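> Here you go, sequence then predicted model.
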Amino acid sequence: MNNRLREIREHAMQMLQEAESLEKLNDARVALLGKKGELTAVLKSMKDISPEERPAFGQMVNETRAAIEQRIEETKARLEAKAREMQMEREVIDVTLPSSRTRTGHPHPSQIAREEVERIFIGMGYEVVEGPEIEYDEYNFTKLNIPANHPAKDEQDTFYINKDIVLRTQTSPVQARVMEKGKLPIRMISPGRVFRSDEVDATHSPSFHQIEGLVVDKNVTFADLKGTLEEFAKQMFGPETKTKFRPHHFPFTEPSAEVDVSCFKCGGKGCRFCKGSGWIEILGCGMVHPHVFEMCGIDPEEYTGFAFGLGLERIALLKYEIDDMRLLYENDYRFLKQF
Ligand code: DAH
């Protein structure tokens, strides 16, 4: 039996010496000490040994086992160190190599313009409100005093989802939604995407953005509307900017106007930019129509208000002197990074 133990021990040391990887080491450990291992087989044969010899033999088995276990630990430490070393070699970083640059995005000119408009109105005490892009026909048209036979409802302009639901053609329905909530006074702007069945060209897109504005309070007058939009135009396009209110018609305001600003390129003398007129149209506005107030549950005898709506892309094109709207939708980084 002694010889057998010596053999096992020698064989074990040789196996461990030859183990070149942690997997091989593990295989060796199982072969030597596992349930079906060589040493276990010897232990099982203890019953054949006379009781007097058994303690001494048992001790020898234990010593052999301890020696093998110790060598396994040593081998493991050696192999782990080697594996680490190889990993370090593999993963060496050459700090002198040029870095691969990660390109961060750039704010979109429409987004910059939107934030600028928001900043100006927030500064005047307005709240920023959002409304749904998929809207009831009733909010997009009826509650804004646009009756069923109005040309704005023409299928050519509007994307209908069914006869009651549309992709909103304007941000004005948010006016109705906010008024209906009944929390007065109101001082809000609502930026967002709108949709019209238009062909894409240099000044049109089937999807674009507007910013709606609404103020409702007691004693709000057209003078407040003028003062507010004049201040907005000065902050947006420069302190020299002049404003002109031209009578116009919108179904949900009365009286209504379109607002032109003096051309910030030529200062009003007339240039290519303002097509020689010295003025550039920027938005529509007016005093909230009493019908709209009534349909939204506000008493027009007690409250008055003004509203305005502007096209965000139009403002971005003007402010950044971009001559083709399509550039705003292509998202070419070389274009975007200029702003
Ligand atoms: N919703 C109008 C449009 O899309 C713009 C507009 C005009 C909004 C006058 C208003 C307003 O709030 O008072 O053409």
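In hand now; what should we look at?

> Could I get the full set of helices for the protein?
2-18, 22-33, 38-44, 54-90, 109-123, 137-140, 173-181, 222-237, 290-295, 312-319, 327-330, 333-336 (DSSP state H).

> export the last one as PDB, just CAs?
Spelled out, that is helix 333-336. What follows is helix 333-336, C-alpha atoms only, in PDB (Å, rounded to 0.1, in the frame of the first residue of the first chain):
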ATOM      1  CA  TYR A 333     -24.300  67.200 -39.300                       C
ATOM      2  CA  ARG A 334     -22.100  69.400 -41.500                       C
ATOM      3  CA  PHE A 335     -25.200  71.700 -41.900                       C
ATOM      4  CA  LEU A 336     -26.300  71.500 -38.300                       C
END
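
> What residues of it count as buried?
Leu336 (16 or more other Cβ atoms under 10 Å). The way it works is simple: take the backbone N, C-alpha and C, and place the C-beta from them, glycine included.

> Who are the packing partners of that helix?
For helix 333-336, there is no helix or strand it packs on, judged by 3 or more Cβ pairs under 8 Å, 6 or more residues apart in numbering; DSSP states H and E.

> Run through who's touching that helix.
For helix 333-336, contacts defined as Cβ atoms under 8 Å, 6 or more residues apart in numbering pick out Arg103, Gly105, His106, Pro107, His108, Pro109, Leu327.

> ditto for stretch 150-159
Stretch 150-159 has contacts (Cβ under 8 Å, 6+ apart) with 137, 140-141, 146, 166-167, 169, 195-198, 206, 251.

> residues from this structure in reach of the ligand?
Proximity of the chain to the ligand (Cβ under 6 Å from any ligand atom) is limited to residues Gln170, Ser172, Glu212, Phe250, Thr253, Gly284, Cys285, Gly286, Ala307, Phe308, Gly309.

> need the contact list for the residue in the stretch 51-200 of the chain that the ligand sits nearest to.
Of all residues in the stretch 51-200 of the chain, Gln170 sits closest to the ligand, at 3.6 Å by Cβ to the nearest ligand atom. Going by Cβ under 8 Å, 6+ apart, Gln170 touches Asn140, Val194, Gln210, Glu212, Gly309.

> who touches the third one in this structure?
By Cβ under 8 Å, 6+ apart, the contact set of Gln210 is Gln170, Thr171, Pro191, Gly192, Val194, Gly309, Leu310, Gly311, Leu312.

> let's see it at 7 Å
Gln170, Thr171, Gly192, Val194, Gly309, Leu310, Gly311, Leu312 (Cβ atoms under 7 Å, 6 or more residues apart in numbering).

> Now render those as CSV, adding distance to Thr40 and pLDDT.
Conversion of the contacts of Gln210 to CSV gives the following (distance: Cβ to Cβ, whole Å; pLDDT from 0 to 100):
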residue, distance to Thr40, pLDDT
Gln170, 85, 97
Thr171, 81, 98
Gly192, 76, 97
Val194, 80, 97
Gly309, 87, 98
Leu310, 87, 97
Gly311, 85, 95
Leu312, 80, 95
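
> Could you list the domains of the chain?
What automatic domain parsing lists as the domains of the chain is 2-90, 109-336.

> Deepest-packed of those domains, please.
Comparing the domains of the chain by mean neighbour count (mean count of other Cβ atoms under 10 Å), domain 109-336 comes out on top with a mean of 17.

> How far does that one stretch from one end to the other?
One end of domain 109-336 sits 7 Å from the other (Cα to Cα, to the nearest Å).

> Kindly report the same for stretch 284-303.
Counting by Cα to Cα, you get 21 Å between the two ends of stretch 284-303.

> Can you give the distance from it to the centre of its chain?
Its chain's average C-alpha position is 36 Å from that of stretch 284-303, according to Cα atoms, centre = their mean, to the nearest Å.

> Nearest to the ligand: which residue in the stretch 151-300 of the chain?
Taking Cβ to the nearest ligand atom, the stretch 151-300 of the chain has Gly284 as its residue nearest the ligand, at 2.8 Å.

> for that residue, which residues make a bridge with it?
Gly284 has the following beta-bridge partners by DSSP bridges: Glu258, Gly309.

> Quick one, grab the pLDDT at it.
In this model, Gly284 is scored at 98, pLDDT.

> what's it in contact with, if anything?
Contact analysis of Gly284 by Cβ under 7 Å, 6+ apart lists His248, Phe250, Ser256, Glu258, Phe308, Gly309.

> The first one bridge partners, please.
Going by DSSP bridges, His248 is paired in beta bridges with Ser256.

> does it really touch Ala257, like I thought?
Yes: His248 lies in contact with Ala257 (Cβ atoms under 7 Å); the separation is 5.5 Å.

> what's the overlap in contacts for these two?
Common neighbours of His248 and Ala257, counting by Cβ under 7 Å, 6+ apart, are absent.

> List of residues touching the worst-scoring helix or strand of the chain on mean pLDDT?
Among the helical and strand segments of the chain, the one scoring lowest on mean pLDDT, DSSP states H and E is helix 38-44, with a mean of 81. Residues outside helix 38-44 that contact it (Cβ under 7 Å, 6+ apart): Arg4, Leu5, Ile8, Leu32, Leu33, Gly34, Val61, Thr64, Arg65.
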